[in-house]
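>>> I need the structure of the sequence given here:
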Amino acid sequence: MFSSDFYKNKQMAEELLTFPTSKLRNKVAGYLTRIHITTINRRARERRE
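Residues are numbered from 1 along each chain as shown. From the prediction side, this is the model:
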């Protein structure tokens, strides 16, 4: 559902949730992006081991 693209995550967050401020929406989208990238990197590292 979410991806490593901040702007796509920002749009998805806006569609799924209601945020009182755009700053909070951007923080959530940034967090989701960071988590997704970390997960991808962890899986790649596990495959190499």
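>>> Make sure N26 is actually in contact with K10.
Yes. With contact defined as C-beta atoms under 8 Å, N26 reaches K10; the gap is 6.4 Å. Glycine gets a C-beta too; all of them are placed from N, C-alpha and C.
>>> With neighbour numbers in mind, choose between those two.
K10 (18 against 15; other C-beta atoms under 10 Å).
>>> List the contacts of that one.
For K10, the contacting residues are R25, N26, A29, by C-beta atoms under 8 Å, 6 or more residues apart in numbering.
>>> Same list, these, but as CSV with pLDDT and secondary structure please.
Shown next, in CSV, are the contacts of K10 (pLDDT from 0 to 100; DSSP: H, G, I helix; E, B strand; the rest coil):
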residue, pLDDT, secondary structure
R25, 96, helix
N26, 97, helix
A29, 96, helix
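>>> TSV for the residues you listed, including distance to F19?
TSV is the format used below for the contacts of K10 (distance: C-beta to C-beta, whole Å):
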residue	distance to F19
R25	4
N26	9
A29	10
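>>> Closest to M1 out of these?
A29 (12.7 Å; C-beta to C-beta).
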